[in-house]
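# A structural model of the following input is requested.
(chains A, B, C and D)
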Protein chains: 2
Amino acid sequence: MPDSPTLSQQVCFALYSASRATTGLYRSVLKELNLTYPQYLAMLVLWDGDGLEVRELGRELQLDSGTLSPLLKRLEHLGLVERSRLPEDERRVLVRLTPAGRELQAKAVDVPGRIAAATGLDQDELLALRETLHRISTTLQTTESETPS
Amino acid sequence: MPDSPTLSQQVCFALYSASRATTGLYRSVLKELNLTYPQYLAMLVLWDGDGLEVRELGRELQLDSGTLSPLLKRLEHLGLVERSRLPEDERRVLVRLTPAGRELQAKAVDVPGRIAAATGLDQDELLALRETLHRISTTLQTTESETPS
DNA sequence: ATCCAATTAGTTGTGCACAATTGAATTGCC
DNA sequence: GGCAATTCAATTGTGCACAACTAATTGGAT
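Numbering: from 1, shown residues only, chains lettered A, B, ... in the order given. Prediction:
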């Protein structure tokens, strides 16, 4: 069942390495939008459905407020989003796109196509990869606090 | 050829997400060794063949001196490695394990097994995943500076 | 011998990630 | 109503990644 231990180590390093490589790809593509990859992910979620709380954004992106708060502050300084406490619950913060934030979506239209062209994988491989990676994430996140025998 | 653009975006997010999940898995396993995952990777390379220059370590791990210099400084403060300029070329820095660094290898023996057990993937899946991820990394790294039409 | 280009490690600055903590607001319980 | 536990965002501190730059060293060319 444990397979070759070395193999899983190699897979983990390949994962770490490929993730950094794709982030680097996004870096060059997103440079003209003046966004980092995590910032772009947050904008994607907001473009899909504007008006989300920090908590909801965090659930989508699997990021906590320690990461999101400064990230959203930077998006706010860029004039792309605005944050406001909810009147009915002053703990929660609503994140909304500004007009500039909405307009940026048009400039980002060709990002997915450029990324897809650079990966060099066909659709079957992408589907299989996505499925496997999803399984890893869910396995690790649901097993995150197990007591080792 | 570009397949579904959205699909590649989903794959990239799955990659980003799975990489963070596995790093988190290593974090809990490596906690008792007092190592981070990148530090553990550097130690793995040194355990495999002691006495490497920063440049060679960087080639193995695909990391530049901006990342490695402070990382190695921390390993040095932990008493696991020592750094020394090469007499025949004062630009280069040789990184060697200390006795404590070599001894740590024994405590790290069961790390790969624990990681492998937690992934929940069988050997075929791990092999396929490793192959696909390698292909992504090499594709992106060899295409890193193309002029888009 | 001198100068110039290349190499190497380190430093600086920015932006994630994440653990741990803080502080405010809300909810639940009595 | 009062109070403890909970929820939520923000803050603090550490450690990557990476771009840009610095400084020292080396090698080559003349």
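# what's the first helix or strand after the longest strand belonging to chain A?
Longest strand in chain A, counting residues (DSSP state E): strand A:89-97. Note on strand A:89-97: by DSSP states H and E, the next helix or strand toward the C-terminus is helix A:99-107.
# show me which positions of that next one end up buried.
For helix A:99-107, burial by neighbour count (16 or more other C-beta atoms under 10 Å in any protein chain shown) applies to A:101, A:104. Quick note: C-beta positions are derived from backbone N, CA and C, even for glycine.
# how about stretch A:64-78?
Quick answer for stretch A:64-78 (16+ other C-beta under 10 Å): A:68, A:71-72, A:74-75.
# contacts for that stretch, please.
With C-beta atoms under 8 Å, 6 or more residues apart in numbering or on different chains as the test, stretch A:64-78 has contacts from A:34, A:38-39, A:42-43, A:54, A:57-58, A:61, A:63, A:81-83, A:95, A:101.
# and for stretch A:21-37?
A:40, A:43, A:78, A:104, A:107-108, A:111, A:114-115, A:118-119, B:12, B:15-16, B:136-137, B:140-141, B:144.
# what's the angle from the helix or strand hosting A:R83 to helix A:99-107?
A:R83 belongs to strand A:81-86 when assigned by DSSP H and E. Relative orientation of strand A:81-86 versus helix A:99-107 (axes from the mean of the first three to the mean of the last three C-alpha atoms, to 10 degrees): 130 degrees.
# near DNA strand D at all, strand A:81-86?
Yes. Residues of strand A:81-86 contacting DNA strand D under C-beta under 7 Å from any atom of the strand: A:R83.
# confidence score at the closest residue to DNA strand C within chain A?
The nearest approach of chain A to DNA strand C comes at A:G66, 2.8 Å away (C-beta to the nearest atom of the strand). pLDDT for A:G66: 97.
# quick one, longest helix in chain A?
As assigned by DSSP state H, the longest helix anywhere in chain A is helix A:5-30.
# quick one: buried residues of it?
Buried residues in helix A:5-30 (16+ other C-beta under 10 Å): A:5, A:7-23, A:25-26, A:29-30.
# that helix: how far from the chain's middle?
Helix A:5-30 has its C-alpha centroid displaced from the chain centroid by 15 Å (C-alpha atoms, centre = their mean, to the nearest Å).
# what mean pLDDT does that helix have?
Here the average pLDDT along helix A:5-30 is 94.
# flag every buried residue along the helix or strand just after that helix.
Next helix or strand after helix A:5-30 toward the C-terminus (DSSP H and E): helix A:37-48. In terms of neighbour count (16+ other C-beta under 10 Å), helix A:37-48 has its buried residues at A:37-46.
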